[in-house]
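1. fold the following, please.
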Amino acid sequence: MEKSLRILVTGGAGFIGSAVVRQIIQHSSDFVLNVDKLTYAGNLESLAAVSADPRYQFAQQDICDRQAMDQLIADFQPDAVMHLAAESHVDRSIDGPAAFIETNIVGTYTLLEAVRSYWNQLPEDRQSQFRFHHISTDEVYGDLEGPDELFTESTPYAPSSPYSASKASSDHLVRAWRRTYGLPVIVTNCSNNYGPYHFPEKLIPHIILNAIHGKPLPVYGDGKQVRDWLHVEDHARALHLVVRQGIPGETYNIGGHNEKQNIDVVKAICELLDELHPQSPVTPHASLITFVKDRPGHDLRYAIDASKIQRELGWVPRETFESGLRSTVKWYLENATWWGRVLSGDYQLDRLGDSN
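-> Purely as a prediction, here's the structure:
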């Protein structure tokens, strides 16, 4: 049996972060300290299934607060840090880039320095086993032109939005801290995630919830932008595998092998809802599709070559897009209490901010 690790997860109340925490607690003997500022996108209700587990702890703190990070790290004594805390919505980054610079760049720098200070004083055997795992996005690569091109781990960076530029900057910081200081870092870049507990501003949950309420389904431009869709629970499995078995200094691209045009994703959701939720106020649901003005700098196509993580670590996604989308639509239909509290804002009212 593998030795239990103590893993500090930043952003563990977010969409991907909460999936990672659930994965670790439910499928291993590892311990987790979830450090999350609880901005609008952080939701402790996404962790209800594991919150009472004695191997799980939560601390409401900002990664930009160096003193708080030093104290949490000293108290928890992690074997690994998984850094997911980030502002991540492209539209929000266009409207207000400052928060993205602060959290994604300054926050990552602050966390790296706190971790470096801790790592430097570890005994040699623990130093060699420690990992700083930085979780990033395929958007740092910009977009692809040819229909057969794929992002690889060596694709040059060419970010298009304030969000992707801030994530690219954080990636560079992490790699520089390895080159300059020897910190044992690993970087992963993932494609678009979807699945349960996804904040409703993102495409798939937004379309599901608008459709069942008979509201317009906004699609940017002509809807032909291509994304590679990765089920969040497949991604969480990959991330836990990487932090345990990945090689320091390496980058691993994680994709779902599911390239779809946005318009086809929306139509697929509509077809599933026609089947699973015929009582919606407007059917067929596809009649609600409305094309809207494209957003500035919108990347046309993303696609990940995930062959390295399959070859070296043995990870492959379990969900096809069809199976994953069906289960996701069903989850939203069956969990109106969760998303209803998000839409109303009630999920933010019950935050006590204690470190139970």
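2. now do the helices in the stretch 251-356 of the chain.
-> Along the stretch 251-356 of the chain, the segments classed as helices by DSSP state H, counting those that start in this stretch run 262-276, 307-313, 321-334, 336-344.
3. which parts of the first one are buried?
-> Taking 16 or more other CB atoms under 10 Å as the basis for neighbour counts, the residues of helix 262-276 that come out buried are 262, 263, 265, 266, 267, 268, 269, 270, 272, 273. Just so you know, the C-beta spots here come from the backbone N, C-alpha and C atoms, and that holds for glycine as well.
4. relative to helix 321-334, how tilted is that helix?
-> On the basis of axes from the mean of the first three to the mean of the last three CA atoms, to 10 degrees, helix 262-276 is oriented at 60 degrees to helix 321-334.
5. who's in contact with helix 262-276?
-> 203-204, 207-208, 211-212, 217, 219-220, 222-227, 229, 260, 280, 283-286, 288-289, 322, 325-326, 329-330, 333 (CB atoms under 8 Å, 6 or more residues apart in numbering).
6. repeat the analysis, applying 6 Å as the threshold.
-> The contact list for helix 262-276 (CB atoms under 6 Å, 6 or more residues apart in numbering) reads 207, 208, 211, 217, 219, 223, 225, 284, 285, 286, 325, 329.
7. which stretches of the stretch 151-300 of the chain form strands?
-> Using DSSP state E, counting those that start in this stretch, the strands of the stretch 151-300 of the chain run over residues 185-190, 192-194, 217-220, 226-231, 251-254, 259-261, 289-292.
8. so what touches the longest helix along the chain?
-> Determined from DSSP state H, the single longest helix within the chain is helix 162-181. By CB under 6 Å, 6+ apart, the residues outside helix 162-181 that reach it are 90, 93, 97, 100-101, 104-105, 108-109, 112, 116, 134, 136-137, 139-140, 157, 159, 183, 185, 187, 249.
9. for it, buried residues please.
-> 162-171, 173-175, 177-178.
10. what is the nearest of the residues you listed to residue 300?
-> Comparing the buried residues of helix 162-181 against residue 300 with CB to CB places residue 164 closest, at 13.8 Å.
11. that closest one and residue 85, how far apart?
-> Counting by CB to CB, to the nearest Å, the gap from residue 164 to residue 85 is 17 Å.
12. residue 67 too?
-> Distance from residue 67 to residue 85, by CB to CB: 17 Å.
13. isn't residue 142 up against residue 158?
-> Yes. Here residue 142 reaches residue 158: they are 3.3 Å apart, a contact under CB atoms under 6 Å.
14. looking at these two, which has the bigger crowd around it?
-> Set residue 142 next to residue 158 and count neighbours by other CB atoms under 10 Å: residue 142 wins out with 21 against 13.
15. one step back: so which of the buried residues of helix 162-181 comes closest to residue 63?
-> For the buried residues of helix 162-181, the nearest to residue 63 is residue 170 (10.9 Å; CB to CB).
16. excluding its backbone neighbours, what's nearest that closest one?
-> In this structure, residue 170 finds its nearest non-sequential neighbour in residue 108, 4.0 Å apart by CB to CB, 6 or more residues apart in numbering.
17. what pLDDT does the residue nearest to residue 258 when sequence neighbours are not counted get?
-> With sequence-adjacent residues excluded and distances taken as CB to CB, 6+ apart, residue 258 is closest to residue 321, at 3.8 Å. On pLDDT, residue 321 comes in at 96.
18. from residue 257, how far out is residue 321?
-> Taken as CB to CB, the span from residue 321 to residue 257 is 9 Å.
19. more neighbours: which of the two?
-> For residue 321 versus residue 257, the count of surrounding residues by other CB under 10 Å is larger for residue 321: 21 against 18.
20. and residue 320, how many neighbours?
-> 14.
21. good, wrapping up.
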